[in-house]
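Chemist: Sequence first, then the predicted structure, then my questions.
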Amino acid sequence: MVYLTRKAEFSASHYYHNPEFTPEENQRIFGKCNNPHGHGHNYTLEVTVKGKVDQRSGFVVDLKELKEIMNREVIDAMDHRFLNKEVADFKDRIPTTENLAISIWLRLKSKLNLAELHRVRVYETPDLFVDYYGEA
């Protein structure tokens with residue numbers, strides 16, 4: 001089994017708010033991330049796929065094809081977007097880094113047909129990242 005990781009970057013804004021919480025609870029739990037005007041991040045996305053090397057091509061997956069899928073399903077949909085207001089995945093879900101990783105997994109999982117999606121890693125800052133390996 002060979003694991004291959006492709007990296008991409010995008011920028012997006014968001015805020016954390018749970019309508020079931022009181023304003024005080026939202027402020028206490030989310031702090032300045034509860035600002036309805038949002039704040040932004042420069043995210044780094046790593047998508048790891050796994051599979052056997054095709055003897056004819058020498059690839060686990062065509063890197064150009066993987067890049068096109070990542071761009072179409074994630075970057076084009078989320079780059080320079082206000083996640084809460086412009087990305088349907090977060091209509092009823094708080095766009096935390098954890099939920100962002102899950103959303104990206106779901107967007108990519110069914111689009112990969114040559115290799116198996118192994119991991120989605122989303123960096124919110126250089127020292128904070130979330131790994132998601134799909135539902136257990």
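Modeler: In hand now; what should we look at?

Chemist: rest of the way, CA atoms for contacts and neighbours
Modeler: Fine.

Chemist: okay, and for the chain, where does confidence drop off?
Modeler: Counting by pLDDT under 70, the chain contains low-confidence ranges at 136.

Chemist: now do 90
Modeler: Scanning the chain for pLDDT under 90 picks out 112-114, 125-126, 135-136.

Chemist: show me where it has strands.
Modeler: 2-14, 39-51, 81-82, 116-125, 128-132 (DSSP state E).

Chemist: export those to TSV and tack on mean neighbour count?
Modeler: Listed next are the strands of the chain as TSV, based on neighbours: other CA atoms under 10 Å:
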stretch	mean neighbour count
strand 2-14	16
strand 39-51	18
strand 81-82	19
strand 116-125	20
strand 128-132	15
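
Chemist: okay if I get those as a markdown table plus distance to Ile102?
Modeler: What follows is those, written out as a markdown table (distance: least, CA to CA, whole Å):
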| stretch | distance to Ile102 |
| --- | --- |
| strand 2-14 | 16 |
| strand 39-51 | 12 |
| strand 81-82 | 18 |
| strand 116-125 | 8 |
| strand 128-132 | 7 |
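
Chemist: nearest to Ile104, of those strands?
Modeler: Smallest distance to Ile104 across those (CA to CA): 7.3 Å, for strand 116-125.

Chemist: For that closest one, which outside residues touch it?
Modeler: Residues from elsewhere that reach strand 116-125 (CA atoms under 8 Å, 6 or more residues apart in numbering): 41-51, 97, 100-101, 104-105, 108-109, 129-134.

Chemist: Strand partners (parallel or antiparallel) of it?
Modeler: Strand 116-125 pairs in its sheet with strand 39-51 (antiparallel), strand 128-132 (antiparallel), by DSSP bridges.

Chemist: Now do that strand: distance to the chain's middle.
Modeler: Centroid separation for strand 116-125 versus its chain: 7 Å, with CA atoms, centre = their mean, to the nearest Å.

Chemist: try stretch 16-30
Modeler: 23 Å.

Chemist: now do stretch 75-95
Modeler: So, by CA atoms, centre = their mean, the centroid of stretch 75-95 is 10 Å from its chain's centroid.

Chemist: Ok, stretch 36-50 next?
Modeler: In terms of CA atoms, centre = their mean, the gap separating the centre of stretch 36-50 from the centre of its chain is 6 Å.
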